[in-house]
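Asker: after the sequence you'll find the predicted model.
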Amino acid sequence: MSIKTNPLHAAIAAGKVQVGTWINLTRNPAILTLLKSAGLDYARVDMEHSSPSIETVADMAVLARALDFPLVVRPPEGNREWITRLLDVGVWGLHVPQVDTAEIAYQVAQAARYAPVGARGMAGLSPGTDFDGDMTPAERLRHLNQQVHVTVMLETADAFSQLDDILSVEGIDAVTLGPTDLAQDLGVFGTSRQAEVLDEHRQRLITAARARGKHVAMLVDSVPEAQRWIDAGVQLIAYSSDVAILRAGYANAIRQLHPPAVASA
């Protein structure tokens, strides 16, 4: 059995927009089969602000590889411990939070890939290698390095002050911003200026990433918003989340089944 390849890389290289969603609540791995059947291109599991354990993510990663449905994970922190464990259990993509400096981006990139381009720790046969024993060690490391996809999140004004330096780090494939954390750091969270300021930073990301040959990932909550950023050059779209989709769907049904009572005159 040969080691699987990450479909995300080939799709992006072919210029195809990839649309996925956040998994914040669902822990049954079968959610991946459902999402793929709905036509999504990938799923992104949140371990920073949600409850899944490494065991849950490991189960999802094995199924994701079997389905050829890329699994991206946001770890609680972008350190060597989390990056190593996630890649070894078979996760293909990392969505790393709080990357405020080029030095942090460099440490993330180094932990995510084997020598000679990085310093990822050796694990031997594992779900992350599909237990392949046929490739030579050199072939295996080269292949595995090519499958990893690393997106870093810029969530502070300090991060944006180092935008070009972060983008210049080898091994960083894509960038994004954390909208609410960034808005909080910039002092515009909950104000009338929030949307305008965030859009300015999104456009800065797109312009800088294009100049460096990197891609941009973007969280959106509606189809028009997704189309807007696709037209601007974004190739990685995270459309809403399992929580938001479920709540909106049920709330819409309940509004129709339990309409507000009409006040009597």
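Answerer: Everything's here; your move. Being a predicted model, the structure only gives us computed values, none of them experimental.

Asker: can you give me the buried ones in the helix or strand of the chain at the bottom of the mean pLDDT ranking?
Answerer: Lowest on mean pLDDT, DSSP states H and E among the helices and strands of the chain sits helix 137-147, with a mean of 93. Neighbour-count burial for helix 137-147 flags 140-141, 143-145, 147 (criterion: 16 or more other Cβ atoms under 10 Å). For glycine as for every other residue, the C-beta is placed from the backbone atoms N, C-alpha and C.

Asker: check stretch 80-95 too.
Answerer: Here stretch 80-95 shows 80, 82-95 as buried, counting by 16+ other Cβ under 10 Å.

Asker: what does the least confident helix or strand of the chain rub up against?
Answerer: 3-6, 9, 92, 113-115, 117-118, 128-129, 132, 135 (Cβ atoms under 8 Å, 6 or more residues apart in numbering).

Asker: in helices, which of the residues you listed appear?
Answerer: residue 9 (DSSP state H).

Asker: show the buried residues in the contacts of helix 137-147.
Answerer: Looks like the contacts of helix 137-147 have 3-4, 6, 9, 92, 113-114, 118, 128-129, 132 buried, using 16+ other Cβ under 10 Å.

Asker: need these in CSV (columns: pLDDT).
Answerer: CSV is the format used below for the buried ones among the contacts of helix 137-147 (pLDDT from 0 to 100):
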residue, pLDDT
3, 89
4, 94
6, 97
9, 94
92, 96
113, 97
114, 96
118, 96
128, 94
129, 92
132, 87
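
Asker: now these in JSON lines, with distance to residue 73?
Answerer: Below are the buried ones among the contacts of helix 137-147 laid out as JSON lines (distance: Cβ to Cβ, whole Å):
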{"residue": "3", "distance to residue 73": "19"}
{"residue": "4", "distance to residue 73": "16"}
{"residue": "6", "distance to residue 73": "13"}
{"residue": "9", "distance to residue 73": "16"}
{"residue": "92", "distance to residue 73": "9"}
{"residue": "113", "distance to residue 73": "16"}
{"residue": "114", "distance to residue 73": "19"}
{"residue": "118", "distance to residue 73": "18"}
{"residue": "128", "distance to residue 73": "12"}
{"residue": "129", "distance to residue 73": "18"}
{"residue": "132", "distance to residue 73": "22"}
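
Asker: all strands for the stretch 51-200 of the chain, in order.
Answerer: Remark: strands assigned in the stretch 51-200 of the chain by DSSP state E, counting those that start in this stretch are 71-74, 93-96, 149-154, 174-177.

Asker: mind putting these in TSV, mean pLDDT and distance to residue 213 included?
Answerer: Formatted as TSV, those follow (pLDDT from 0 to 100; distance: least, Cβ to Cβ, whole Å):
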stretch	mean pLDDT	distance to residue 213
strand 71-74	98	20
strand 93-96	98	18
strand 149-154	98	14
strand 174-177	98	11
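
Asker: wait, residue 236 touches residue 174, no?
Answerer: Yes - shown here, residue 236 and residue 174 form a contact pair, counting by Cβ atoms under 8 Å, at 6.0 Å.

Asker: can you tell me the closest non-neighbouring residue to the residue nearest to the spatial centre of the chain?
Answerer: Centroid check for the chain by Cα atoms, centre = their mean gives residue 95 as the closest residue, at 4.1 Å. Closest residue in space to residue 95, ignoring its immediate chain neighbours: residue 74 at 4.2 Å, by Cβ to Cβ, 6 or more residues apart in numbering.
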